[in-house]
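Participant: What follows is a predicted structure for the sequence shown.
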Amino acid sequence: MFVVPPFGGMEPGYPVKFRLKPVLRTARSILTKAMSQKFTASPRGTRAQSLGERPLLIPLYQHQFESRSTMRPLLTLLMVALLIGGMWGYVEFKNGVSRPAMVVETKFAEEPTRLTILRSAPLFDGGGLGGPAVELAIKSKSFLTLNRTVPPEEFIEVEIPNVEIGKNTVNVAVNFEDPEAFLSAEKPLSLYALEVIIMQGSRELHRQTFTSGEPFIVGGDILFQVDPVPSLSDEDNHDHAGGSH
């Protein structure tokens, strides 16, 4: 790359790439023609002027100007090609670099977590239309299904599997609809209630009540929090911190 002096309105120091062989060939031919011509004295006789001086300079600058005009679009295309090629190469390199798999460590509760269901009326199995009498699930995986009639005085308590440290969601659904209610002369209740209690040891983690004015499926998602059990070292640190005050 050569820095050409300002010429023809171009900015000073404008970098232009060109081949040297055509320029040298042109310059050699011009010099050859200039050397073959005779020198004559100036009209005033003060200094000698070469008749080939003007033909030597003008074609040389004209060749440089034409080289600049020709190379400008080529340089622009070259810069665009380098930019696109560099970006494409960077994207390919980035996609080719193997990223380590993200490992999420799941901690489960050490102490058993139990769920108790209290209700105000019997529960019924609706068969293929109404669903089971009781269905409990965590993370879309069922861990209790009762396909029979469950009287209200029957105690229902079950351990929740795979309870994690942190937030957990369990889904509870019970069916108060009696499939043979149309054959019975008894009037339906005005309110159907379901109460769910979640315990961990002697600690109550959550209590939630669902109600309905119709004997249909009652329930929903229940969100509860399980905190990590403090270790002995944490308890000792807490005791020391409390004794220092």
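Facilitator: Right, received. Where do you want to start? Numbering: from 1, shown residues only.
Participant: Name the SS class of residue 80, please.
Facilitator: helix (DSSP: H, G, I helix; E, B strand; the rest coil).
Participant: Show me the strands in the protein, by range?
Facilitator: For the chain, the strands defined by DSSP state E occupy 2-3, 15-16, 39-41, 48-50, 113-119, 134-138, 141-146, 156-159, 166-175, 192-200, 203-212, 217-226.
Participant: tell me the mean pLDDT over the last one?
Facilitator: Spelled out, it's strand 217-226. For strand 217-226, the mean per-residue pLDDT is 95.
Participant: And the first one, by the same measure?
Facilitator: Per-residue confidence for strand 2-3 averages out to 42 on the pLDDT scale.
Participant: any low-confidence regions in the chain?
Facilitator: Filtered on pLDDT under 70, the chain yields the residue ranges 1-71, 98-99, 128-129, 182-185, 231-245.
Participant: Kindly recompute the last result at 90.
Facilitator: Low-confidence segments of the chain (pLDDT under 90): 1-107, 126-131, 177-190, 214-216, 228-245.
Participant: How is it partitioned into domains?
Facilitator: Using automatic domain parsing, the domain ranges for the chain come out as 2-39+50-94, 113-226.
Participant: how far away is residue 196 from residue 159?
Facilitator: For residue 196, the distance to residue 159 equals 14 Å [C-beta to C-beta, to the nearest Å]. For every residue, glycine as well, the C-beta is placed using N, CA and C.
Participant: between the two, who's got more neighbours?
Facilitator: Legend: neighbour count by other C-beta atoms under 10 Å for residue 196 and residue 159, higher for residue 196 (22 against 11).
Participant: ok, and the closest non-adjacent residue to residue 155?
Facilitator: Distances taken as C-beta to C-beta, 6 or more residues apart in numbering put residue 116 closest to residue 155, at 7.9 Å, once the chain neighbours are dropped.
Participant: ok, what's across the strand from the one you found?
Facilitator: In this structure, residue 116 bridges to residue 157, residue 197 when assessed by DSSP bridges.
Participant: wait, it sits on residue 154?
Facilitator: No. Counting by C-beta atoms under 8 Å, residue 116 does not reach residue 154; the two are 11.9 Å apart.
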